[in-house]
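>>> Let me see the structure of the following:
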Amino acid sequence: MSQLLKNKSLIFISLISLALIASACKPSAEKLVQDGNEQFEEEVYLEALAAYQQANFEEPELAEPYYNAANALYRQEAYPEALTLMQEALKFADEESLIESGLFNMGNSIYNTQDFGGAVEAYKEALLVDPTDQDAKYNLELALQQQEQEQEQEEEQEEQQEEEQDQDQEQEQQEGQGEDDQQESENQSQDGQNPDEQQEEGDQEQEQESSQDDQGDGEPNSEEEEGQGQPQEGQNENRQQPPPGQRMTAEQARQLLAAIAQDSETLQEHLGQIFVAPPVPPVQDW
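Numbering: from 1, shown residues only. Sure, this is the predicted structure:
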C-alpha cells in the first residue's frame, strides 16, 4: 500500500461548480470561475486563486469559488490557508458531491499539518456522506496508522523522560552522599584519627591498664619493702655488744649479714655499734 495520500480530481468538481454557477450567478462571477479553472488546469495557481477570490467578491455566499480557491492553495502546499477556505465552502455547500469532496480534501489538508487525529475525523465524515468512497477509506487507514505511530512515539518519549528524571534523582543522591562522605572525612582528618584508630588506641590503653593492675597485684607494697630487713625500734637497745678485743658472737654475725642487704650507711652504723672503741681510762693520780 502506498504511503501517499490520494487526491480527488479538482477539475471535475470545478466543472460541476461551473454549471451550477451558470444558473445561479451573475455572468461576471461565472466568467471569473471559468477563467480560474482554465488557469488551474495550466497550473498557474496564483492567477487562478485571484480569479476565484474575485468571484467570491461578486457572490460571497457561493461555495464553489471558496472550494476552488482552497484547491489552488493546497497545490501550493499552503495547507492551513486551504483548510480555512474549505471550511468556508462547506458552510455554503448544498450539493452532496461537493460536501463529500470538501470533507475529503479538508482531511488531506489536516493530514499535511501532522494533525492525524483531525484527519481521521474528516475522513470519517466523508465516508458518512459517501460510504463507497475508496479514496477516503484509503486515507483514513493511512491516518490511523500515523496516529498509532504518533501515540507510540509519545509513550516512548514519556518513558525516556521518566528514566532521565530517575537518573537525575539517583545522581543527585550520589552527589549528596559524596558530599556527606567528604565532610565526614574532613572531620576525621581534623580530629587526627578515624573512629577505628580511636577504638584501637582505647583498646591498647585498656590493655596497658590491665597489665599494670596485674603487675601491681604481685609486687610488694613499698612500705612493706622499707620495713623488711630493718631493725625495729628498741632492737638496738637490746643488742649485746661484745667487749673490746673479743670476737663476734653468732648472734652478732647474723645481725651483720642481715645489715648487708641494706644500704651502706645502715651497714656503717651497724658496724659502728658493734665495734665501739673502748674509752681511754683516765690516768690515775697515784
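>>> where's residue 35, which helix or strand?
Per DSSP states H and E, residue 35 falls inside helix 27-41.
>>> any idea which helix or strand comes after that helix?
helix 45-58.
>>> Next secondary structure element downstream of that following helix?
helix 63-75.
>>> Let me see the mean pLDDT of that next one.
Helix 63-75 shows a mean pLDDT of 94.
>>> I'd like to know which elements that helix is packed against.
Applying 3 or more C-beta pairs under 8 Å, 6 or more residues apart in numbering; DSSP states H and E, we find helix 63-75 packed against helix 10-24, helix 27-41, helix 45-58, helix 79-92, helix 96-112. The way it works is simple: take the backbone N, C-alpha and C, and place the C-beta from them, glycine included.
>>> May I see those organised as a markdown table, with mean pLDDT, mean neighbour count and distance to residue 258 added?
Listed next are the helices and strands packed on helix 63-75 as a markdown table, based on pLDDT from 0 to 100; neighbours: other C-beta atoms under 10 Å; distance: least, C-beta to C-beta, whole Å:
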| stretch | mean pLDDT | mean neighbour count | distance to residue 258 |
| --- | --- | --- | --- |
| helix 10-24 | 45 | 16 | 144 |
| helix 27-41 | 88 | 19 | 147 |
| helix 45-58 | 92 | 19 | 142 |
| helix 79-92 | 95 | 19 | 130 |
| helix 96-112 | 95 | 22 | 128 |
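>>> quick one: residue 258 and residue 252, what's the gap?
The gap separating residue 258 from residue 252 is 11 Å, by C-beta to C-beta, to the nearest Å.
>>> between whichever strand or helix holds residue 177 and helix 96-112, how many degrees?
Using DSSP H and E, residue 177 maps to helix 134-191. Per axes from the mean of the first three to the mean of the last three C-alpha atoms, to 10 degrees, the angle that helix 134-191 makes with helix 96-112 is 20 degrees.
>>> Can you work out which other helices and strands pack against helix 134-191?
helix 96-112, helix 116-129.
>>> Which other helices and strands does the longest one contact?
I take that to be helix 96-112. By 3+ C-beta pairs under 8 Å, 6+ apart, helix 96-112 packs against helix 10-24, helix 63-75, helix 79-92, helix 116-129, helix 134-191.
>>> so which of those helices gets nearest residue 103?
Residue 103 lies closest, by C-beta to C-beta, to one member of the helices and strands packed on helix 96-112: helix 116-129, at 3.9 Å.
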